[in-house]
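Engineer: A structural model of the following input is requested.
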Amino acid sequence: MRADAIRNLDAVLQTGARLLAQDPGTSMATIAAEAGVDRRTVYRRFACREALLAAVFRTKLDAVDEVFDDARLEDAPVAVALHRYVEGIVPVIRRWPLDPEQMRCDTEAYDRMLDQRKRFGAFVDRAIAEGVFRADLPDGMARALLFRTVDLVASQFPDLEPAPAADIIVDAVLCGVGQP
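Structural biologist: Here you go, the predicted model:
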């Protein structure tokens, strides 16, 4: 693809992700206008909103896979992998703000997202087994706390760069917010 076509596609995908996260009924014309491209450009690439949404899902899932691989969740020391994961996932959440539950309408994307959750769950289990996360919490709480903290910081503090955001998130999750 030509450089301008790549830029246009990226703009459509990012704009689509943002607008469809806010309103799943957003029209293709609105997405095109917000992306700064002609509506025909969008329709040439995506026959309908569902096709665009499927492309956004695939792109987001690809980005999450890349974060998982870069973090080395399976073999890096837990604290290192955790920080790498958080630093990498914050920009992904910001760039692709769709709620993972929106993927329910796309079986392939939803199944892939569930596989990613299992992969991350295995990392959390390792963190518990190695004593980095508490073992006395209800099942799934450590993972949920981490997910929600990452999502909160990524969405509510957009000016916070990924590395400092990761420092804050990891510290908050591992140490809590109370005074020692």
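Engineer: okay, now the domains of this structure?
Structural biologist: As assigned by automatic domain parsing, the chain contains the domains 1-47, 57-175.
Engineer: For T107, grab the count of nearby residues.
Structural biologist: Residues within reach of T107, counting by other Cβ atoms under 10 Å, total 9. C-beta: built from backbone N, CA, C; applies to glycine.
Engineer: same question, the one 10 residues further on
Structural biologist: Residues contacting R117 under the criterion other Cβ under 10 Å number 14.
Engineer: measure stretch 125-144 end to end?
Structural biologist: 13 Å (Cα to Cα, to the nearest Å).
Engineer: Next, the buried residues of that stretch.
Structural biologist: Within stretch 125-144, the residues scored as buried using 16 or more other Cβ atoms under 10 Å are R126, A127, I128, V132, F133, A142, R143.
Engineer: one step back: make JSON lines from the domains of the chain and add mean pLDDT to it.
Structural biologist: Shown next, in JSON lines, are those (pLDDT from 0 to 100):
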{"stretch": "domain 1-47", "mean pLDDT": "91"}
{"stretch": "domain 57-175", "mean pLDDT": "94"}
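Engineer: count of neighbours near D115?
Structural biologist: 12.
Engineer: And it, which helix or strand is it part of?
Structural biologist: Element membership for D115 (DSSP states H and E) is helix 107-129.
Engineer: Following element in sequence after that helix, please.
Structural biologist: Counting by DSSP H and E, what follows helix 107-129 is helix 141-156.
Engineer: residues in contact with the most centrally placed residue in the chain?
Structural biologist: In the chain, the C-alpha nearest the mean C-alpha coordinate belongs to I93, at 3.8 Å (Cα atoms, centre = their mean). With contact taken as Cβ atoms under 8 Å, 6 or more residues apart in numbering, I93 is in contact with V150, D151, A154, S155.
Engineer: secondary structure element for it?
Structural biologist: helix 78-95.
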